[in-house]
Every structure is written in structure tokens, then in C-alpha cells.
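Student: Got a sequence here, can you model it:
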Amino acid sequence: MKLLTSIAVIAMTISAFSCSALENPKKDEVTKPVSMIDFVKSRQERRYDKVPRKVLAFYYTWYGNPDTYGSWVHWSDVKPDQHDIASSTHYPAKGAYDSYDPAIIDYHINLAKNSGIDGFICTWWGHDTYDDKAFRKVLDLADKNDFKVTIYWETAPGKGKDKIDRAVSDLEYVLWNYATKPAFLKIDGKPIIFVYGRVMSEVAMNEWPEIITRAKKHYPDDFILIADGYQEGYARIFDGIHTYNICGWVQGKKPDELKKLSKDSFTDAVKLAKKYDKISCITVIPGYDDTKIRKPGINAERMDGETYRILWEQAIIADPDWVLITSWNEWHEGSEIEPSWEYGDKYIKLTEEYTKLFKKTKYSSVKAEKAVSGISPEKAKALRKLYKDKTIAVLPDYSGESVFWLANTGINVKELSWKEIIQPEIFNVRNFPFALYAGYEDYTQTVSHKGDVDKAILKYLEEGGTLFVLPAGPFPLFYNEEGVAVSSASKFGLPIEGGWENPPEGVKLTFDVDNTLLKGLPSSVDFPKTGDLRWRPCRDSAIRNGDTYRPLAQLKDSSGHTYGDGIVYIEHKVSPPVNGKIIYSWMRMADILGTDDLLFSIFLLPAMDIKGAF
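Tutor: Residues are numbered from 1 along each chain as shown. Here you go, the predicted structure:
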């Protein structure tokens, strides 16, 4: 969550960028598609089992004042006599300072270093921007102070090939211009770059293999990318995972609630990273309050330091490689630990206390788990027999576990491009009796002609195709390539509805599982208590008489009230798309039922259908 960039900064972002031939390697005129499955396989050997402890803080270099820069940047309506800034939740102890001021940078670095912070993750919006120029100063002064810094890659603008080219260019720019410097954060000589959630949402999952492959081709040395988001797909592709801000679930929590929630959430996050031997990062915040700049905004109370203490204590128990602090100086959102007029150096002292505790051991002791299909050889053989001489078409932009699980199990899968999806001679039931959507919430709706992907998917279903919808996000097929909410699931015969962002408090929720069809699963399982709890159920309200709608995991409370279905089989016999079959599973079902057991039972369902079980 970042504040709007000022007009001055935007103007500088638009300015042309030029650099020497050494700094701007030649781009590929023609690039071959990079298979996601092949790319992931190539990343399996990138393992980080001995990562020295570090504490890093997110750092903002976007501030300017008339005395140093010549005008206000990111500060507005500054009233020193009242200790008030209209765009800042609190008032800095140093006043409305300038990020170009060497004295301020020196002050920040030394204060952070003395409190046990090893480095800054600096906001970065592109070539020659205001913050990019400030970063050069920070990097130079960090070198003189034996301190480490890196960038927080904040945006990847554009569309299609232009976006990919820009992302490659930005990555190469940082690597060539900054990564070779002694003060740039590294592991074993490899520079480390953090990628913010905005970039993760702007760049589709299947675009990262090309971006990383091209950058590695042009840059002579290796590099490390750490993605924003605790997602299975990110853990497979990137070298580490983190999250920027946890204010959403910290907000409104009493100390005991916060302690329990952070313990479970932090443990799950570390386990996910360690499952793939990737760098594990846990984020702590002192509090958060953006209500001065956003309405209604979020206010996660500091509770006189109790929030920070609880999060630090649970982070240490979770035992990650690194602890990240949001933030050193994001004054707009009130998440800063830098000394302020309101709190003095309270949070600097707390930071020093907990960094010492965290660094009592040199490495995390959490062991890696196997990240391959865990089903028995007999089960794998049964699935291979069922899908013998059949290939499952995988729709693009996937990030869900199911694609990799199928490949590991030995089932034939074919990654299709959106261009191939709209070609009926390629995407049809003869070639692919089964298709799989394993994206987050988005898909491409139009390639050449408006809605041509929609028409192609509908035609496939009307031919009698079976579509597995096993998303990595809460609402599959919700956004199109323009980011517009089109909610196309119902169009394809999958009646998903909005549920909730968080479950009702004090209500015990349990899934009733139909294990007569979902072989090997328990008859009931509780709704998850941590992680992403956004519930988007399937319901039979839009299903006509004559169609088959079989709920396979119904969510109920203790009184028997039903909140919708988390797993469902649908066969359209009278309503569009007639002849189409859909098997849907809510994004968290694999977490609570076990990935191996759930996917094995789901991919057995077509055999159950053939035997007339429906």
C-alpha cells in the first residue's frame, strides 16, 4: 500500500532514460516461449538451506523539501509549529526532511545499524525517477558505513511485449548499475532484489520465465528475486517469498488474538518457503494508520508498543531466515519506526531489543520438506492409467499447485497460449478431453476479437469438454486482461458467488465432505483459521432442472445452516453450456485436506463419472 506519487515524481518518471552500452545490453528481437513447467524444474536446484540471519527495513527515498530539492515532494501542508503534516500520520523527529540530504541518509543508516538492522529495502519506481536518484546517494553512503541496501521493485507498467521488455530493462538497469556495488545486498555474491505485490499483479505468472531468462542471458552473473506473496507458485519460481504489510489482519485484534493469529500465520509462511528451500521472510509492523490519507482507511493500533512486541516474538518463534520491518519511514501510512514527535525513539529501542534476540542463532533451524507429489506409486499408476493417451490442456497464466502436481505424477499436460486457445483446430475435445484453469483470479478475455477467448472456452465445453477449475485465488475468471471485473465463471456454467472477506466471528464452520466420491478424504474438516480466508462459494441457485449439480464439500455451521459449496461437480445437460462438465474446488481446500489427497480424489472424478456415479 503506497501513497499517490507527486506530480514532480511522475514527471521525472516519464523522463527519457539513457545509459552506456555496458549498462543497456541488447534486447532479443525474437524470444521463444519459455515453458513454465520446464522453468520450474530448472529452479528446483536453487536451494537456500543456510541463509545468515538478517533484519531489513522498508525504506522510502521519495521525500523532498524546498531547502534541499527546491520544492515539496511527498510532503504536503507542512506545519512545523504544530508538528503536523497533512500527508503524514505522525510528525518526524527530524521534521519534513529531504531524501537527497546526505546528513539525513547518514543519520538513518547509523541509527538503523545501531538498532540491529542490517539493511534497507528502498522504494524504486524505475529509471531516473526521483527515488532512483536518491537511491544512488543511499548506496554510496551505505558503502561508507558498512551497511547494505537493495531496491523494492514497485511497478512494471505497460501491456504485452512492451511490459515484458520494460520489466527486463528495469531489472537489467538495477543489476548493471547497482548490483555490483559492495553495499548492494547479496548472498554468496548474488544480488538480491525484492519484488512488490503491484509488480506481481501486473506481471502474469507465465511471463516471469521470459523476464528472468532474458535478464540472466544479458547479465553475466546470477541474481536473486524475492516475491511479495505467500503463494505456492511464487515459492516455486522465485528465490524467496515475503509480504509487505500485514495491517489487514492485525487491525482490530486484541493481544491474545494477535498472538494466536501471528503464530499460525508466520509458521505457515516459513513452512511454505522451506518446502522449496527458498528464503523465508516474516514481516513485522509497529502499527499502521492511513486514515489521514484514505477513507475509510485502515488503523491497526500500536497498543503502546504491544503490537510490535507480539509480532516480533512470534516472528522469532516461527524462525524465518529474515525479519522485515514495515517500515522505517512510510510516514503516510503511519507504519514508521523512525523517531517521531509522538513516540520519540520508542520503536528504535524495541527494534534493538528484538534484533539481538533474533540473531542469537546464525541460521533458521526449520527443515525443508519434500516438494514433490506424495501419492503412492499405486495411486500415481492408477491416475496415469485413467489419463493414458489423454492430455490435459492447461490454460495460461496459471500459478496453482495442480499443474505441477500433475506433471510430477506423470500425467500428460500441455501448456497452451491464449492465441492457441482461440484456434479450434488446437483447442478442442478431440485433442484435449480435459482442460485446467489454475490461475489466480484473472484470465485473458480477448486476443484478436472481442471476447474470442470466451467463445473458444464455451465452444470447448459445448463439445463435451471437462474443465477443472482449481484456482490459486478466491474468485476464478474474475478479471480480464484489462483488469476489469467481468466475473466470467457464471458465463462458463460455474455459479460462484461472493461470500466474505473474513468468516463470521464466533461461528464454528465445517465442511461436510462427500467421501463416497472424493475417495480417501475425511467426511468433515474445519474451515481454515489463518491465511487468506476470502470465501467465494459455489451455489446451485443458477442451475436448472435437468442439469447435474453435485456438492462435494458443503460449508455448514453447527446449526446446519449452509454457506455454499467448496467443491462441486456440474454437468450441463439443459442449460448453457450444454454438454459441458465442470469440477471446481475453492482455493484453500488443498490446504485443509492435503494437496496430494485432494488432487488425487479430484482427478479420479472423471472415472467416477464414466461409471455413472452421477
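
Student: Show me what secondary structure element comes after the helix or strand of the chain with the lowest mean pLDDT.
Tutor: Among the helices and strands of the chain, helix 7-14 carries the lowest confidence by mean pLDDT, DSSP states H and E, at a mean of 29. Next along the chain after helix 7-14, taking DSSP states H and E as the criterion, comes helix 36-43.

Student: As a check, name the ranges of all strands in the stretch 51-200 of the chain.
Tutor: 54-59, 78-79, 84-85, 119-124, 148-153, 186-187, 190-195 (DSSP state E, counting those that start in this stretch).

Student: Counting neighbours, which bits of the last one end up buried?
Tutor: So the one you mean is strand 190-195. By 16 or more other C-beta atoms under 10 Å, the buried positions in strand 190-195 come out as 191-195. C-beta here means a position set from N, CA and C on the backbone, and glycine is covered the same way.

Student: Give me the contacts around stretch 538-548.
Tutor: For stretch 538-548, the external contacting residues (C-beta atoms under 8 Å, 6 or more residues apart in numbering) are 490, 494-497, 549, 551, 564-566, 568-575, 584, 586, 614.

Student: Give me the buried stretch members for that stretch, please.
Tutor: The neighbour-count check on stretch 538-548 (16+ other C-beta under 10 Å) flags 538-539, 543, 547 as buried.

Student: the strands in the stretch 301-450 of the chain, which residues?
Tutor: 322-325, 392-394, 413-415, 434-437.

Student: Tell me which of the ones you listed sits most buried.
Tutor: With neighbours defined as mean count of other C-beta atoms under 10 Å, the strands of the stretch 301-450 of the chain peak in mean count at strand 322-325, which reaches a mean of 26.

Student: Which other helices and strands does that one contact?
Tutor: strand 54-59, strand 279-284, helix 306-318, helix 346-358 (3 or more C-beta pairs under 8 Å, 6 or more residues apart in numbering; DSSP states H and E).

Student: List the residues that contact the residue lying closest to G483 once chain neighbours are set aside.
Tutor: Leaving out its chain neighbours, the residue that sits closest to G483 by C-beta to C-beta, 6 or more residues apart in numbering is D442, at 7.8 Å. By C-beta under 8 Å, 6+ apart, D442 lies in contact with 204, 397, 477-481, 483.

Student: Of the residues you listed, keep whichever come out buried.
Tutor: Buried subset of these (neighbour count, 16+ other C-beta under 10 Å): 204, 397, 477-481.

Student: Now render these as TSV, adding pLDDT, distance to F147 and secondary structure.
Tutor: Shown next, in TSV, are the buried ones among the contacts of D442 (pLDDT from 0 to 100; distance: C-beta to C-beta, whole Å; DSSP: H, G, I helix; E, B strand; the rest coil):
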residue	pLDDT	distance to F147	secondary structure
A204	84	35	coil
D397	85	39	coil
L477	96	46	coil
F478	96	43	coil
Y479	93	40	strand
N480	93	44	coil
E481	89	42	coil
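
Student: okay, those in CSV with distance to T180 next?
Tutor: Output for those, formatted as CSV (distance: C-beta to C-beta, whole Å):
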residue, distance to T180
A204, 30
D397, 34
L477, 44
F478, 42
Y479, 39
N480, 41
E481, 37
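
Student: I'd like to know which of these is nearest to V34.
Tutor: A204 (12.6 Å; C-beta to C-beta).

Student: Assess the claim that that closest one and Y398 are in contact.
Tutor: No - checked against C-beta atoms under 8 Å, the pair A204 and Y398 is beyond contact range at 9.4 Å.

Student: State the distance from the nearest residue to A86 once chain neighbours are set aside to G95.
Tutor: Residue nearest to A86 in three dimensions, not counting chain neighbours: D77, with 3.6 Å by C-beta to C-beta, 6+ apart. With distances taken as C-beta to C-beta, to the nearest Å, D77 is found 14 Å from G95.

Student: which residues sit in contact with the closest residue to E481 other than its chain neighbours?
Tutor: Using C-beta to C-beta, 6+ apart and skipping residues adjacent in sequence, the residue nearest E481 is T444, 4.5 Å away. Residues near T444 by C-beta under 8 Å, 6+ apart: 396-397, 418, 453, 480-481.

Student: make it 10 Å
Tutor: Going by C-beta atoms under 10 Å, 6 or more residues apart in numbering, T444 touches 204, 395-397, 417-419, 421-422, 452-453, 480-482.

Student: What of S365?
Tutor: Here S365 is in contact with D319 (C-beta under 10 Å, 6+ apart).
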